[in-house]
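Q: got a sequence here, can you build the structure:
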Amino acid sequence: MGDLFIRNFCKKCPFHNQKNLNLGESQIKTPVLMERGKNESKSLIVFKYPGIHESVNGKIMVNIFKRGGNIADRIFNSWKRVDKSKEDYDITFFIKCYKGENVKNVPKKVVEFCSKIFRKELLLKEYDKIFIFGKEFYIDIIKIIEEENLNHLNIVYKDNILAIQKEELDGIW
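A: Here you go, the predicted structure:
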């Protein structure tokens, strides 16, 4: 599945070129696509959607080093403690574009578009384990897993990474 296919497919999406935002297009990249680990990972991490920092940088898990830490900061620190790194995982977002701070619910049409792309990403290779972070699209992800008959997957689900203790986070990898 090439980037060109995804970018052409996404042109029909309501979030294409961030039509949902009032920010200049030069600031936001769309969409933020899957990053493949370099260590032949059999694990896939799925976040709900990119934040503003991921969208601006066009990368997954941008560490902004804010006080108290963001999700990326917590995960990177956990990986250090358990001798893992970003290269050990394939990582994606279920929704590929930044939804904006003022958008309370992602439109159904966006979910439909991104579901198709996520399904293709999920089938790129045979995963053993899938980490689902964020409850907003958990049901959609599980439905795709069931429809594709991927019941062998070991699913690790955490609805809020920032709310769990670091020992628990360290234990999931």
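
Q: can you give me the neighbour number for I91?
A: Using other CB atoms under 10 Å, I91 has 20 other residues around it. For the C-beta atoms, the positions are set from N, CA and C on the backbone; glycine is no exception.

Q: L44 now?
A: Quick note: L44 (other CB under 10 Å) scores 23 neighbours.

Q: just the element for it, please.
A: Using DSSP states H and E, L44 falls within strand 43-47.

Q: list the contacts of that strand.
A: 60, 71, 88-94, 118, 121-122, 127-134, 141 (CB atoms under 8 Å, 6 or more residues apart in numbering).

Q: repeat that for stretch 161-173.
A: By CB under 8 Å, 6+ apart, the list of residues contacting stretch 161-173 from outside reads 69-71, 74-75, 77-79, 81-82, 84, 131, 133, 156, 158.

Q: among the contacts of strand 43-47, name the buried ones.
A: Buried members of the contacts of strand 43-47, counted by 16 or more other CB atoms under 10 Å: 60, 71, 88-94, 118, 121-122, 127, 129-134, 141.

Q: Y98: what's it in contact with?
A: Applying CB under 8 Å, 6+ apart, we find Y98 in contact with Q18, L21, I28, T30, V32, Y49, P50, G51, I52, E54, S55.

Q: P107: which of these is nearest?
A: Y49 (12.3 Å; CB to CB).

Q: how close does the residue lying closest to the closest one once chain neighbours are set aside get to Q165?
A: Leaving aside its chain neighbours, Y49 sits nearest to I95 (3.7 Å; criterion: CB to CB, 6 or more residues apart in numbering). Distance of I95 to Q165, given as CB to CB, to the nearest Å: 28 Å.

Q: do F118 as well
A: For F118, the distance to Q165 (CB to CB) stands at 29 Å.

Q: for this structure, which segments count as strands?
A: 43-47, 90-93, 129-133, 154-158 (DSSP state E).

Q: for C10, which of the ones you listed is the nearest?
A: Closest among the strands of the chain, using CB to CB: strand 90-93, at 12.8 Å.

Q: list the contacts of the residue nearest to T92 when sequence neighbours are not counted.
A: Excluding the flanking residues, the one nearest T92 by CB to CB, 6+ apart is M34, at 4.1 Å. Shown in contact with M34 (CB under 8 Å, 6+ apart): I60, D90, I91, T92, E121, L124.

Q: per-residue confidence for I60?
A: Here, the pLDDT recorded for I60 equals 89.

Q: partners of the residue sitting nearest the centre point of the chain in the sheet?
A: By CA atoms, centre = their mean, the chain has its centre lying nearest to F93, at 2.0 Å. F93 has these beta-bridge partners by DSSP bridges: F47.

Q: hang on, it packs against K48?
A: Yes. Using CB atoms under 8 Å, F93 is in contact with K48, at 6.8 Å.
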